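Visitor: Sequence plus the predicted model coming up.
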Amino acid sequence: MIEFEEMRQLLCRTYSGLRERVVAAADDWIGEGGEFLAFPWMHQLCGLVIDRFQSGDYDQSDALFGVVEKLLSEGNEAIQTVVATGFLEGLQHQRKIAPELWRPLLGPLARSHCEAMDKFHGITR
């Protein structure tokens, strides 16, 4: 099972610029007691992806979404939850980039989660 530390390392190694972004936002994702707050950290990844896609930068996207699929299949329950709700649903709920720009990159587990959330919210594509 993949744990949080391995998740952070995988994502930072796969998607350049993520480390710098989360370091700059450390006050947002490090709790008062020094604990790791996973959802604000994942929000930084989502924001970086949105910023890059807006500028037409899809470098490393296949690798990133491959890691997302790996985390959904091999991560512990907490990892699966933060990736699905923090990252995938973050992409679903943002309004800056069209779903057509990122949905084709989804693996089967990620696609299934997004489709289930669309169905839950009554969204048809």
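Guide: Looks like it arrived, so ask away.
Visitor: Counting neighbours, which bits of stretch 69-79 end up buried?
Guide: E69, K70, L71, L72, G75, I79 (16 or more other C-beta atoms under 10 Å). (Each C-beta comes from the backbone N, C-alpha and C, glycine too.)
Visitor: and the most centrally placed residue in the chain, how far is that from Y58?
Guide: Among the residues of the chain, the one closest to the centroid is F87, at 3.0 Å (C-alpha atoms, centre = their mean). F87 sits 17 Å away from Y58, going by C-beta to C-beta, to the nearest Å.
Visitor: Repeat that for A116.
Guide: Taking C-beta to C-beta, one finds A116 at 26 Å from Y58.
Visitor: more crowded one of these two?
Guide: Neighbour count, other C-beta atoms under 10 Å: between A116 and Y58, Y58 has more, with 14 against 11.
Visitor: Poorly predicted segments of the chain, please.
Guide: Counting by pLDDT under 70, the chain contains low-confidence ranges at 125.
Visitor: Over to the residue located most distally from the centre of it. Which of the three states is it?
Guide: Within the chain, G33 marks the point farthest from the mean C-alpha position, 24.6 Å out by C-alpha atoms, centre = their mean. Under DSSP: H, G, I helix; E, B strand; the rest coil, G33 falls in the coil class.
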